[in-house]
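Peer 1: I'll drop the sequence and a predicted model, then ask my questions.
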Amino acid sequence: MRLSRYFLPTLKDTPREAEVVSHRLMLRAGMIQQASAGIYSWLPLGFRVMKKIEQIVREEQDAAGWNEMLMPTIQPADLWRESGRYDDYGKEMLRITDRHDRDMLYGPTNEELITDIVRTHVRSYRNLPGRLYHIQWKFRDEVRPRFGVMRGREFLMKDAYSIDLDFDTARAAYNRQFVAYLKTFDRMGLKAIPMAADSGPIGGDMSHEFIILADTGESEVFCDRDFLDFDVGGSVPDYEDTGAVEGVVDYFTKLYARTDEKHDEATFEAEVPDIRRYRGRGIEVGHIFYFGTKYSEPLGARVTGPDGKEAVVHMGSYGIGVSRLVAGIIEASHDDAGIIWPESVAPFKIGLVNLKVGDADCDRVTEDLYAKFLQAGIEVLMDDSAERPGAKLAGMDLIGLPWQVVVGPRGVANGVVEVKNRKSGEREEMAAEAALAKLAA
RNA sequence: CGGGGUGUAGCGCAGCCUGGUAGCGCAUCUGCUUUGGGAGCAGAGGGCCGGCGGUUCGAAUCCGUCCACCCCGACCA
């Protein structure tokens, strides 16, 4: 992509309303624009990142055996009356009336809809287990939206649902999602710690929040320091091996890690040695839980079992805040100059900077590299603007692409370009061909 | 939902107390000079001073009211 043809309105100053670093950087890097409190337009750069995150989530859900689908944003109120949540949900739910004066709502979540689908089409245990997910916009009319897209009213969320005949298979589904989450966040370069969370009226130990540690986080968290440098790496087993999957879950849940609502100081001190006790704040990026028959019972989602008797299905739901992750990743990965994207979610892999547009040699070398990167299938953003060198370099640091290839008259005269790693700050001069070989690999 | 605060050019702000021709920096446009870390000089464009009502000869400024947004707390993916 040529910067001259790319809509990237970066700012030197920080808009006043932005308090936390991810919000500031997203505004400065031209990723989002606020439309209203907690509601944002996603500009091209921000949209690209969100799509990358969404795709990783999608791939891992598919790998874990879930089927992607899409449910609507606008839902009929009647379904929510059936589950009893229409009155319970309160003002957080955005209620709408259509032209026929029917009560509708902009969905804050999708349990009712999925349960409706299940009760319509799933009549026999032979149709189970059900493994469905979608990635869709939700709306919760938060009293006080804040921190940019971190706590918006409108947000993009992946929510998956499991439908099973009994508790054991439901637990297996839960475990698979648990492992899929470990892998998903790991691919984004995040350390997301699974923490025991409040499971609501169902009880039990089948509810975990995945938390990335950050001072700006909204949840107070307590965990064993051993979690701070755990490595998911090789611990993802074959999903079909139920025992191995359970083993991974056991491994990651045996150490103490709880959010404040489940935290128990006495247990914490008893189980975790003094020096390993970590107290801090975190951002919730995922939440999985088993809720049994909470919705299937009132909505009448039943199947005929192998014994010929009807049974109410067991369900679980598994959420990931996709739009929130964009901000979460920035909170976890930035410096004074700007964002530092992990390569897996970076909007472009390379920022190719022509320091002196109009200089025949610089133009030639830059254009040649640009064409070759494209040919190699590399995502590259070429700064072909007439800005000054300082402005270009500062702009590149701000938007945080993993690699910068800088073509300037000084280097070109010596037959070299500069390759800079955004994260380490390391710069290396090499021939253009060498840069191509290094980065197109 | 309680408490606090802010609305003036695209962005950041001054002016308001003490009413009298709407300003500064950045950005934008033109020209020249510059070209390896957010350039310099010269010029130009850009405003219903959040909305409505009031006081006054006269309101960005004083009064009332509504709206929007932000911050702190309580609540949430």
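Peer 2: Now that the structure is in, tell me what you want to look at.
Peer 1: now do the residue of the stretch 151-300 of chain A at minimum distance from RNA strand B, the pLDDT please.
Peer 2: Relative to RNA strand B, the nearest point of the stretch 151-300 of chain A is residue A:155 (3.5 Å; C-beta to the nearest atom of the strand). C-beta: built from backbone N, CA, C; applies to glycine. pLDDT recorded at residue A:155 is 95.
Peer 1: can you pull the contacts of residue A:302?
Peer 2: A:119, A:296, A:310-313 (C-beta atoms under 8 Å, 6 or more residues apart in numbering).
Peer 1: so which of those sit within strands?
Peer 2: Among the contacts of residue A:302, the members falling in strands (DSSP state E) are A:310-312.
Peer 1: buried ones among the residues you listed?
Peer 2: A:311-312 (16 or more other C-beta atoms under 10 Å).
Peer 1: now the ones in strands among the contacts of residue A:302 as JSON lines including pLDDT?
Peer 2: Listed next are these as JSON lines, based on pLDDT from 0 to 100:
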{"residue": "A:310", "pLDDT": "94"}
{"residue": "A:311", "pLDDT": "94"}
{"residue": "A:312", "pLDDT": "94"}
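Peer 1: between the ones in strands among the contacts of residue A:302, which is nearest RNA strand B?
Peer 2: Nearest to RNA strand B among the ones in strands among the contacts of residue A:302, with distances taken as C-beta to the nearest atom of the strand, is residue A:312, at 23.5 Å.
Peer 1: and the closest one, what are its bridge partners?
Peer 2: Residue A:312 has these beta-bridge partners by DSSP bridges: residue A:302.
Peer 1: kindly report the same for the one 5 residues further on.
Peer 2: Here residue A:317 sits in beta bridges with residue A:161, residue A:289, as judged by DSSP bridges.
Peer 1: I'd assumed residue A:163 was in contact with it.
Peer 2: No. Taking contacts as C-beta atoms under 8 Å, residue A:317 lies outside contact range of residue A:163: 10.4 Å.
Peer 1: these two - which one has more neighbours?
Peer 2: residue A:163 (26 against 21; other C-beta atoms under 10 Å).
Peer 1: wait, what's in contact with the more buried one?
Peer 2: Taking C-beta under 8 Å, 6+ apart, one finds A:118, A:122, A:128-132, A:296, A:301, A:313-315 in contact with residue A:163.
Peer 1: which outside residues touch the lowest-mean-pLDDT helix or strand in chain A?
Peer 2: Every helix and strand in chain A was compared by mean pLDDT, DSSP states H and E; the lowest is helix A:85-88, with a mean of 86. With C-beta under 8 Å, 6+ apart as the test, helix A:85-88 has contacts from A:77, A:80-81, A:93, A:105, A:112.
Peer 1: nearest to residue A:400 among these?
Peer 2: residue A:93 (36.5 Å; C-beta to C-beta).
Peer 1: what is the burial count for the closest one?
Peer 2: 22.
Peer 1: residue A:117 too?
Peer 2: 18.
Peer 1: and for the one 4 residues further on?
Peer 2: Residues near residue A:121, counting by other C-beta under 10 Å, number 9.
Peer 1: ok, the closest residue to it other than its chain neighbours to RNA strand B distance?
Peer 2: Leaving out its chain neighbours, the residue that sits closest to residue A:121 by C-beta to C-beta, 6 or more residues apart in numbering is residue A:127, at 7.3 Å. Distance, residue A:127 to RNA strand B, using C-beta to the nearest atom of the strand, to the nearest Å: 28 Å.
Peer 1: just checking, residue A:79 touches residue A:116?
Peer 2: Yes. Counting by C-beta under 8 Å, residue A:116 is a contact partner of residue A:79 at 5.8 Å.
Peer 1: so how far is stretch A:410-427 from its chain's centroid?
Peer 2: 32 Å (C-alpha atoms, centre = their mean, to the nearest Å).
Peer 1: got it, and stretch A:252-260?
Peer 2: On C-alpha atoms, centre = their mean, the centre of stretch A:252-260 falls 21 Å from that of its chain.
Peer 1: which pLDDT value goes with the residue nearest to residue A:121?
Peer 2: Value listed for residue A:127 in the pLDDT field: 93.
Peer 1: ok, it to residue A:334 distance?
Peer 2: According to C-beta to C-beta, to the nearest Å, residue A:127 and residue A:334 sit 47 Å apart.
Peer 1: circling back to that earlier point, quick one: which of the ones in strands among the contacts of residue A:302 is nearest to residue A:258?
Peer 2: The closest of the ones in strands among the contacts of residue A:302, once distances to residue A:258 are taken by C-beta to C-beta, is residue A:312, at 30.5 Å.
Peer 1: number of nearby residues for the residue nearest to residue A:121?
Peer 2: 15.
Peer 1: before we move on, what about the one 5 residues further on?
Peer 2: For residue A:132, the number of neighbouring residues by other C-beta under 10 Å comes to 19.
Peer 1: what bridges to it?
Peer 2: residue A:67, residue A:161.
Peer 1: just checking, it touches residue A:173?
Peer 2: No. If you go by C-beta under 8 Å, residue A:132 and residue A:173 don't touch, sitting 11.0 Å apart.
Peer 1: what is the end-to-end distance of stretch A:341-348?
Peer 2: Counting by C-alpha to C-alpha, to the nearest Å, you get 9 Å between the two ends of stretch A:341-348.
Peer 1: what do you get for stretch A:211-219?
Peer 2: Span of stretch A:211-219 from end to end, C-alpha to C-alpha: 9 Å.
Peer 1: pLDDT averaged over it - what is it?
Peer 2: Mean predicted confidence for stretch A:211-219 is 87.
Peer 1: anything in it near RNA strand B?
Peer 2: Yes. Using C-beta under 7 Å from any atom of the strand, stretch A:211-219 reaches RNA strand B at A:218-219.
Peer 1: same check on stretch A:290-308?
Peer 2: No. Stretch A:290-308 stays clear of RNA strand B (C-beta under 7 Å from any atom of the strand), getting no nearer than 11.8 Å.
Peer 1: all helices for the stretch 151-300 of chain A, in order.
Peer 2: Applying DSSP state H, counting those that start in this stretch to the stretch 151-300 of chain A gives helices spanning A:167-187, A:242-253, A:265-271, A:296-299.
Peer 1: which strands and helices sit next to the second one?
Peer 2: Helices and strands touching helix A:242-253, as assessed by 3 or more C-beta pairs under 8 Å, 6 or more residues apart in numbering; DSSP states H and E, comprise helix A:167-187, strand A:192-196.
Peer 1: ok, residue A:196 touching residue A:258?
Peer 2: Yes. Counting by C-beta under 8 Å, residue A:196 does reach residue A:258; the two are 4.8 Å apart.
Peer 1: do you know the pLDDT at residue A:246?
Peer 2: 93.
Peer 1: brain fart, residue A:236
Peer 2: 76.
Peer 1: any idea how far residue A:73 is from it?
Peer 2: For residue A:236, the distance to residue A:73 - C-beta to C-beta - is 33 Å.
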